[in-house]
Each structure stands twice: as C-alpha cells, then as structure tokens.
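# Let me see the structure of the following:
(one chain, ligands or ions: 4)
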Amino acid sequence: SASSGDKTHVLFNLQLGEKLYYEQQLIEDMRIAIEMAQFELYFQPQMSLSSEKIIGAEVLIRWQRNGQWISPSEFIPLAERAGLIDKLGDWILYTACQKAKNLVSLGWNDLVIAVNISPLQFGRKDFLSKVTKVLKDTGLKAKNLELEVTEGVIIYNENEAIETLAQLKKLGVHLAIDDFGTGYSSLSYLRKFNIDKLKIDQSFIQDIEHQAADQSIVRTIIELGRNLELKVIAEGVEGPEQLELLASMGCDEIQGFYFSHPLPEQDFIDFVKHQRSP
Ligand code: C2E
Ligand code: CA
Ligand code: CA
Ligand code: CA
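Numbers count the residues shown, from 1 in each chain. Ligands and ions are numbered 1, 2, ... in the order given. Purely as a prediction, here's the structure:
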C-alpha cells in the first residue's frame with residue numbers, strides 16, 4: 001500500500017541521514033587528526049621469494065579515533081571526497097620518507113619503502129616537485145623509495161601521467177602498479193610507462209590454491225612481468241600453500257600475513273633485525 005511505501009521511504013531517508021551524519025563527523029574528526037598529526041604509519045614487510053629475506057615494506061596508514069581503529073579503506077576515500085587528501089597525503093609522504101631514512105641509517109641501505117599515492121595526489125601539478133623536496137628535506141635516497149599507484153592515475157590524465165612517471169623514474173624513485181588486474185585500462189600503458197613492479201591484487205591470491213582461474217591469471221601476470229622485465233609481487237599471501245604455488249610460478253616477491261601483519265615502526269625494526277641477523 002501507499003502507506004507502507006512511505007514508511008520504507010522514511011526509513012530509507014533516516015538511514016541515509018544517519019550515514020551522512022556519521023560521515024560528516026568522521027570528516028570533521030579527520031580534519032582535526034590531520035592538524036594534530038594523530039595518524040600512525042605501519043610497515044608491512046615485503047620478502048624476496050628466492051632468498052626469503054626482507055627487501056622492503058609497504059607503508060600503511062592507521063588511525064585510532066576515540067579508541068577505535070578506522071580502516072583506511074573507509075577514511076582514505078572520504079578524505080579524497082572531502083578535499084583532505086592533499087594535506088593527509090603530504091603528511092604521509094613526508095613522514096614515511098623520514099622513517100625510511102631512519103631505517104636506512106640503521107645500516108639497511110638496500111631497503112625499499114613503498115608509499116601509497118592517491119590518484120588525486122598524483123595528479124597535482126606540483127607532485128613531482130613535492131617528491132623532490134621531500135627527498136631533499138629528509139635526506140632519503142630516491143632508490144629507497146617506491147611509489148604505489150593504481151591504474152587510476154593513468155586513466156585520469158594519460159599524457160600528464162606519462163610525463164610525471166618519466167620524471168619520477170629520472171629521479172630514481174621505484175614505481176609499482178598497485179591492485180594489478182583489477183583496473184579497467186588496457187595493457188598498452190605498460191609499454192609507455194617505465195614501471196618497475198606489478199603488484200598482483202590480493203583478490204587473485206585469496207583463494208588461489210582452490211581456483212584454477214585465479215591460478216591462470218596469476219601465472220599470466222607473472223609471465224607478463226617476466227617478458228616486460230618487471231618485478232612481480234603478490235600481496236595478501238596468508239598460507240604456505242599460496243606461497244608454494246607462487247614460488248612454483250616464479251613470482252619474485254611476497255607480502256602478506258603469512259610473513260607478517262603490518263607492524264608499528266619499532267616492531268618492524270625488530271623484525272628486520274631478527275630477519276637479517278646471521
Ligand atoms: P592496499 O594498498 O591494496 O593495501 C593492502 C591492504 O591489504 C592493507 O589493508 C593490508 O593491511 C592488507 N593486507 C596485507 N596483507 C594481507 C593478508 O595477508 N590478508 C589480507 N586479508 N589483507 C592483507 P589496509 O592497511 O586496511 O589498507 C586498505 C587500503 O587503504 C589500501 O589498500 C590502500 O588503498 C589504502 N591505504 C592504506 N594506507 C594508505 C596510505 O598511506 N595512503 C593512501 N593513499 N592509501 C592508503
Ligand atoms: Ca598498496
Ligand atoms: Ca593493493
Ligand atoms: Ca586495494
């Protein structure tokens with residue numbers, strides 16, 4: 001009837017209203033958290049499959065809001081929509097490079113620290129000069145920094161993306177394509193861009209030991225990487241069966257809970273020390 005339809009409508013609006021209110025609060029708290037630098041950066045180890053030694057880490061942001069952890073997959077898209085990603089992205093890049101410099105100074109000269117870059121952040125005219133300045137200010141060498149971008153940055157503005165990626169390469173920064181296999185773009189960009197690494201999306205790894213289709217896709221990506229002389233890393237590796245499979249396929253690097261969860265800075269330092277001690 002009309003009345004029950006109205007009820008549904010009211011209920012829907014209420015829920016929508018609550019969601020908007022919740023998001024608005026989150027945005028306000030994020031604004032404050034950015035001002036007060038209340039975020040933390042965690043490090044998830046990346047391992048070479050051939051040596052089983054640590055080669056670097058991905059930096060992942062963490063935020064505890066009123067004693068509760070909020071997932072970055074929730075607040076990063078919100079920061080992008082609310083116009084907060086530039087400030088937050090600047091803080092992430094600077095702080096990550098500062099901490100990376102600290103790690104390198106502990107004697108780990110070959111460590112590569114990977115930082116996630118939002119497509120919006122990457123698309124800014126001053127992104128290249130920002131990276132240059134951050135490296136200069138922190139004293140981190142470009143070869144110790146990797147930027148993880150999704151195919152989104154390429155779709156966004158292809159010609160400018162090509163130019164920025166070429167300049168970053170010139171600086172000596174490593175470039176990885178994140179969530180590889182989930183984007184919508186054609187593969188032709190791989191010819192034009194000077195990329196170092198493909199990061200196989202974890203959705204292909206999750207159930208790889210049971211899914212023949214996932215095995216085919218992953219095998220194909222690894223072969224593609226080999227032919228184009230790109231390193232291939234698999235993320236979301238949780239168990240020994242997945243590891244065995246990926247090793248047999250010739251995957252170069254591994255990241256996932258199997259080796260380690262993302263760790264606070266000091267725990268990561270301990271992890272590397274333990275890993276690298278003879
Ligand atoms: P992502 O870049 O694809 O990051 C990988 C995510 O997978 C991380 O989630 C990580 O904790 C998780 N992960 C790692 N190993 C495993 C595993 O073995 N199993 C499972 N199930 N998950 C695993 P997290 O930290 O919650 O981040 C989610 C997303 O938020 C990231 O996806 C990235 O898109 C975004 N994000 C996180 N930190 C940053 C940042 O500093 N800057 C930007 N722009 N985005 C970030
Ligand atoms: Ca990433
Ligand atoms: Ca990813
Ligand atoms: Ca992702």
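
# Now do the contacts for Lys53.
Each residue near Lys53 by Cβ atoms under 8 Å, 6 or more residues apart in numbering is listed here: Met47, Gln275, Arg276. Every C-beta, even on glycine, is put in place using the N, C-alpha and C of the backbone.

# next one: Gln242
Taking Cβ under 8 Å, 6+ apart as the contact definition, Gln242 lies against Ile205, Ile208, Glu209, Ala234, Gly256, Tyr258.

# just the strands in the protein please.
Taking DSSP state E to define them, one finds strands in the chain at 39-48, 54-65, 68-70, 112-116, 145-149, 174-180, 197-200, 231-235, 253-255.

# Between the ones you listed, which one is closest to ligand 3.
Closest to ligand 3 of the strands of the chain, according to Cβ to the ion: strand 174-180, at 4.4 Å.

# does the residue nearest to the spatial centre of the chain have beta-bridge partners, and which?
Centroid-nearest residue in the chain, with Cα atoms, centre = their mean: Asn116, separated by 3.9 Å. Applying DSSP bridges to Asn116 yields these beta-bridge partners: Glu148.

# what does the model give it for pLDDT?
Predicted confidence (pLDDT) for Asn116: 98.

# same thing with Ala37?
On the pLDDT scale, Ala37 is placed at 94.

# dump the residue contacts of the closest residue to it other than its chain neighbours.
Nearest residue to Ala37, sequence neighbours excluded (Cβ to Cβ, 6 or more residues apart in numbering): Trp91, at 6.5 Å. For Trp91, the residues meeting the contact criterion (Cβ under 8 Å, 6+ apart) are Ile34, Ala37, Phe39.

# quick revisit: just the buried ones from the contacts of Lys53?
When the contacts of Lys53 are checked for burial by 16 or more other Cβ atoms under 10 Å, the buried set is Met47.

# And Asp196, how close does it get to Ile61?
Between Asp196 and Ile61 the computed distance is 23 Å (Cβ to Cβ, to the nearest Å).

# neighbour-wise, which of the two wins?
When Asp196 and Ile61 are compared for neighbours, Ile61 comes out ahead with 21 against 17, by other Cβ atoms under 10 Å.

# Identify the bridge partners of Glu235.
Gln255.

# which parts of the stretch 1-150 of the chain sit against ligand 2?
With Cβ under 5 Å from the ion as the criterion, the stretch 1-150 of the chain comes near ligand 2 at residues Asn116, Glu148.

# hey, where'd the helices end up in this structure?
Per DSSP state H, the chain carries helices over the ranges 2-35, 72-81, 85-105, 119-123, 127-138, 152-156, 158-171, 189-192, 212-227, 240-249, 265-276.

# how about TSV for these, with distance to ligand 1 added?
Listed next are the helices of the chain as TSV, based on distance: least, Cβ to the nearest ligand atom, whole Å:
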stretch	distance to ligand 1
helix 2-35	13
helix 72-81	4
helix 85-105	5
helix 119-123	7
helix 127-138	13
helix 152-156	11
helix 158-171	16
helix 189-192	19
helix 212-227	15
helix 240-249	9
helix 265-276	13
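
# mind checking which helix or strand of this protein has the lowest mean pLDDT?
Lowest by mean pLDDT, DSSP states H and E among the helices and strands of the chain is helix 152-156, with a mean of 79.

# buried residues in that helix?
For helix 152-156, a neighbour-count test (16+ other Cβ under 10 Å) marks Gly152, Val153, Ile154 as buried.
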